[in-house]
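>>> Dropping the sequence and predicted coords here.
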Amino acid sequence: MTKKIVITGIGATSPLGGTARDSWTNLLAGESGARTIEQDWVAEYELPVTFAANARVSPADVLERHEIKRLDPSSQFALIAGREAWADAGAPDVPSDRLAIDWATGIGGVWTLLDAWDTLRERGPRRVLPMTVPMLMPNGPGAAVGMDLHARAGIRTVVSACASSTEALVNAYDHLQAGLADVVIAGGSESAIHPITIASFNSMQALSRNNDDPAHASRPYDVARDGFVMGEGAAALVVETEEHAKARGARIYAELIGGAVTSDAYHITAPDPEGTGAARAMVATLEQAGVGIDQVAHINVHATSTPVGDIAEYTALAAVFGEHLPNIAVSATKASTGHLLGGAGAIEAIFTVLALHHRTAPPTINVTELDPEIDLDVVREPRDLGDGPLVAISNSFGFGGHNAVVGFRTA
């Protein structure tokens, strides 16, 4: 028998705020998290892109000193988001062997790895920290959350580029349906605003170069879009069976009605221009949920603000929703947060959940002239989604041809 799966807690630290609620409030206010990078390494390496969407609140202002020393920044963000989500869910009294973690990252501990390499070259092997490998491991963030909360039903980490944390939510849904846990903390984190990643993404012409106006650089679906803005942070959702949530009197934000993962097998970085893999993921999500396309009222799109990627996603949306597409309120929240890579799907899932919970679609900033090839109802100001049952989906796509979609319904 299919179980109802619900969201009972949220946590985040993002370019818009140090908590999930601050991030949501500033998203609705139309703020941008993008700003000029202040570090000296921008000038040292003569980087052609001089801005990014750094986390609004430094982990050093939240965590203990020993936690900062022993965790890569990606794990620091994860711990902050995981703790907030757990507290927001009321710190469920669940046996450790019934609590699981489904986490995600796109890159992992790049800062730890490259700092250790610098130490090795400049100071020799004896000065490389013994915690280097545990800190750089991609499973480090999920392990940090799991150890902090004593999760013993499994700690799993997905690494599927920018689709990673949406895929982690799909896994959480499946693991709860399979009875492997009663409660799962699902999410993702990334801290990769580093000279090497900026240089690399710039070399492939994926980043915006609007150095003079960072706040308006991310322009999803706009005719002037020229690339994405790198972001960082983490987001976590407490996911559990409705039966378990109701038995403990938990507040329910929304129902997680399903999700799907597909792959393009087309190109390592470029999306399939026909959007067939993305379309299959959306269709499979709705079929799993038993939802018709005409029931979908809101979509949080992947929409990175790249010329090719935005068109490919629109092509997929048009193929799936057809004549119903103009009736769907579309929000592209990377315009505000930048692109959190492996953490993007989780923060956008939270925004989708809160959109249903508050019945308000968040705005897409910086869209001044919609691309005439993209016929979408892009939300420009916070919009009331109306009464009655509402269904929304959140899309994530990543290098390697990864596609992941999750669906939600009002509780």
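Alright, I've got the coordinates.
>>> Domain map for this structure?
Domain assignment for the chain by automatic domain parsing gives 5-247, 257-410.
>>> which of the residues in stretch 387-399 are buried?
By neighbour count on 16 or more other CB atoms under 10 Å, the buried set for stretch 387-399 is 390-399. No exception for glycine: its C-beta is placed from N, CA and C like everyone else's.
>>> Redo the residues you listed as a markdown table? Include secondary structure and pLDDT.
Formatted as a markdown table, those follow (DSSP: H, G, I helix; E, B strand; the rest coil; pLDDT from 0 to 100):
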| residue | secondary structure | pLDDT |
| --- | --- | --- |
| 390 | coil | 98 |
| 391 | strand | 98 |
| 392 | strand | 98 |
| 393 | strand | 98 |
| 394 | strand | 98 |
| 395 | strand | 98 |
| 396 | strand | 98 |
| 397 | strand | 98 |
| 398 | strand | 97 |
| 399 | coil | 96 |
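>>> now the helix or strand residue 83 falls within: how far from the chain's centre is it?
For residue 83, the host element (DSSP states H and E) is helix 73-88. The chain centroid and the centroid of helix 73-88 are separated by 14 Å, computed with CA atoms, centre = their mean, to the nearest Å.
>>> And the next helix or strand past it?
Following helix 73-88 in sequence, per DSSP H and E, is strand 99-104.
>>> What are the contacting residues of the following helix or strand past that following strand?
Downstream of strand 99-104, the first helix or strand assigned by DSSP H and E is helix 110-123. The contact list for helix 110-123 (CB atoms under 8 Å, 6 or more residues apart in numbering) reads 72-74, 127-129, 132, 135-136, 191-192, 194, 196-197.
>>> got the angle for helix 110-123 vs helix 73-88?
Helix 110-123 runs at 150 degrees relative to helix 73-88, counting by axes from the mean of the first three to the mean of the last three CA atoms, to 10 degrees.
>>> Quick one: classify residue 148 as helix, strand or coil.
Recorded secondary structure, residue 148: helix (DSSP: H, G, I helix; E, B strand; the rest coil).
>>> quick one, what contacts it?
Residue 148 neighbours (CB under 8 Å, 6+ apart): 79, 82-83.
>>> possible to save those as TSV with pLDDT and distance to residue 359?
Formatted as TSV, the contacts of residue 148 follow (pLDDT from 0 to 100; distance: CB to CB, whole Å):
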residue	pLDDT	distance to residue 359
79	98	32
82	98	27
83	98	28
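>>> CSV for those residues, including neighbour count?
Listed next are the contacts of residue 148 as CSV, based on neighbours: other CB atoms under 10 Å:
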residue, neighbour count
79, 24
82, 30
83, 19
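>>> ok, so of those, who is nearest residue 347?
Set against residue 347, the nearest of the contacts of residue 148 by CB to CB is residue 82 (13.5 Å).
>>> what's the nearest residue to that closest one if we skip its chain neighbours?
Spatial nearest neighbour of residue 82, excluding adjacent residues (CB to CB, 6 or more residues apart in numbering): residue 145 at 3.7 Å.
>>> which residues does residue 157 bridge with?
With DSSP bridges applied, the residues forming beta bridges to residue 157 are residue 103.
>>> So it versus residue 174, what's the distance?
Distance, residue 157 to residue 174, by CB to CB, to the nearest Å: 15 Å.
>>> So the two - more neighbours on which side?
Per other CB atoms under 10 Å, whichever of residue 157 and residue 174 has more neighbours is residue 157, with 23 against 16.
>>> Now for the more buried one: which residues touch it?
Contact partners of residue 157, counting by CB under 8 Å, 6+ apart, are 103-105, 138-139, 141-142, 168.
>>> go again using 7 Å as the cut-off
Shown in contact with residue 157 (CB atoms under 7 Å, 6 or more residues apart in numbering): 103-105, 138-139, 142.
>>> Please give the element, helix or strand, for residue 299.
Assessed by DSSP H and E, residue 299 sits inside strand 296-300.
>>> Does that strand pack against any helices or strands, and if so which?
Applying 3 or more CB pairs under 7 Å, 6 or more residues apart in numbering; DSSP states H and E, we find strand 296-300 packed against strand 329-331, helix 344-358, strand 391-398.
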